[in-house]
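*Asks:* Got a sequence here, can you build the structure:
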Amino acid sequence: MAWLLVVVAGLLETGFAVCLKLSHGFTRLWPTIAFCIFALGSFGLLTMSLKKLDVGPAYAVWTGIGAAGTTIYGMVFLDDMVSTLKLVSISLVIIGVIGLQLSGSSH
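*Replies:* From the prediction side, this is the model:
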């Protein structure tokens, strides 16, 4: 269950990163509100998961999911540049996240 919380927290991290961009420096109301909701949810779930998981693997999985998710979202919906190197790198991040998740012990 703790790893599920980390995965959802990582997805929410993607949401808050995208909303941060869409807020244009917190000058747009609805993306700013969405940023706050996603950020609070993400940090809250990560905090709950850390009661059972080691901080290193949990944090790495959280940031890996957020980074990969944000990059993929940007390429698909925000016209961010797509390159072979970027796709290979995202794949390596995802493989690393899976490896860390599998290696992470719970208390």
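*Asks:* low pLDDT regions in this structure?
*Replies:* Residues of the chain meeting the criterion pLDDT under 70: 104-107.
*Asks:* residue closest to the middle of this structure?
*Replies:* Computing the C-alpha centroid of the chain and ranking residues by CA atoms, centre = their mean puts Gly66 first, at 1.7 Å.
*Asks:* Give me the secondary structure label for it.
*Replies:* With DSSP: H, G, I helix; E, B strand; the rest coil as the basis, the three-state label of Gly66 is helix.
*Asks:* Could you measure from the closest residue to it other than its chain neighbours over to Ser49?
*Replies:* Excluding the flanking residues, the one nearest Gly66 by CB to CB, 6 or more residues apart in numbering is Glu13, at 3.1 Å. C-beta coordinates here come from the backbone N, C-alpha and C atoms, glycine included. Remark: distance between Glu13 and Ser49 (CB to CB, to the nearest Å) = 13 Å.
*Asks:* what's near enough to touch Thr71?
*Replies:* For Thr71, the contact set (CB atoms under 8 Å, 6 or more residues apart in numbering) comprises 80, 86, 90.
*Asks:* Helices along this protein, start to end?
*Replies:* Assigned by DSSP state H, the chain shows helices spanning 2-22, 29-49, 55-77, 84-103.
*Asks:* quick one: the last one to helix 55-77, angle?
*Replies:* Between helix 84-103 and helix 55-77, the angle comes out at 150 degrees (axes from the mean of the first three to the mean of the last three CA atoms, to 10 degrees).
*Asks:* cool, and the second one?
*Replies:* Angular relation of helix 29-49 and helix 55-77 on a 0 to 180 degree scale: 150 degrees, by the same axes, to 10 degrees.
*Asks:* ok, residues contacting helix 29-49?
*Replies:* Contacts for helix 29-49 (CB under 8 Å, 6+ apart): 2-3, 5-6, 8-10, 12-13, 15-16, 19-20, 22-24, 26, 58-59, 62, 66.
*Asks:* Lovely, talk soon.
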